[in-house]
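# build me a model:
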Amino acid sequence: MFKNMEDMQQFGKDQLEAAKVSASALTKGFQQIATETGDFSKKSLEASNGLFEKLAGVKTLDKAIEVQSEFAKSAYESFVAQATKMGELYTAIAKEAYKPVEDAFAKVQAAAK
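This is a model prediction of the structure:
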């Protein structure tokens, strides 16, 4: 597999570089996820505050049920959209983080042939 010591050293350097790039991609991705989660939490809290303000102003039980139903529908749709977005983020992060490792394996396979 290694023809000389320099090849082995280069292989080690390549592996270390791949690990650094992968760790950097993971860090960047998790920061993105944290930001998205914070934004979603803030929007959810604002929506909940809006619900309580609306409920405080209703005069009948029917209207209160209507306001609550609209909020529940909106909250569910918002949650599904956020879950989809988060799933896409996790997938993108995994692909980006795995790419350097995949390239390193390809180099090893090519050198083994």
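
# residue 71 and residue 49, how far apart?
Noted for residue 71: a distance of 11 Å to residue 49, by Cβ to Cβ, to the nearest Å. For glycine as for every other residue, the C-beta is placed from the backbone atoms N, C-alpha and C.

# so the two - more neighbours on which side?
residue 71 (17 against 10; other Cβ atoms under 10 Å).

# element containing the more buried one, please.
helix 61-112 (DSSP states H and E).

# quick check: residue 105 vs residue 19, distance?
Residue 105 is 13 Å from residue 19, by Cβ to Cβ.

# what does residue 74 give?
Taken as Cβ to Cβ, the span from residue 74 to residue 19 is 44 Å.

# also residue 76?
Here residue 76 is placed at a distance of 41 Å from residue 19 (Cβ to Cβ).

# between those two, who's got more neighbours?
Set residue 76 next to residue 19 and count neighbours by other Cβ under 10 Å: residue 19 wins out with 13 against 10.

# how far does the helix or strand that contains residue 33 sit from its chain's centre?
Per DSSP H and E: residue 33 is located in helix 5-57. Relative to its chain's centre, helix 5-57 lies at 6 Å (Cα atoms, centre = their mean, to the nearest Å).

# do the same with stretch 101-113
Mean-position distance between stretch 101-113 and its chain equals 28 Å (Cα atoms, centre = their mean).

# same deal with stretch 56-63?
Counting by Cα atoms, centre = their mean, stretch 56-63 is centred 39 Å from the centre of its parent chain.
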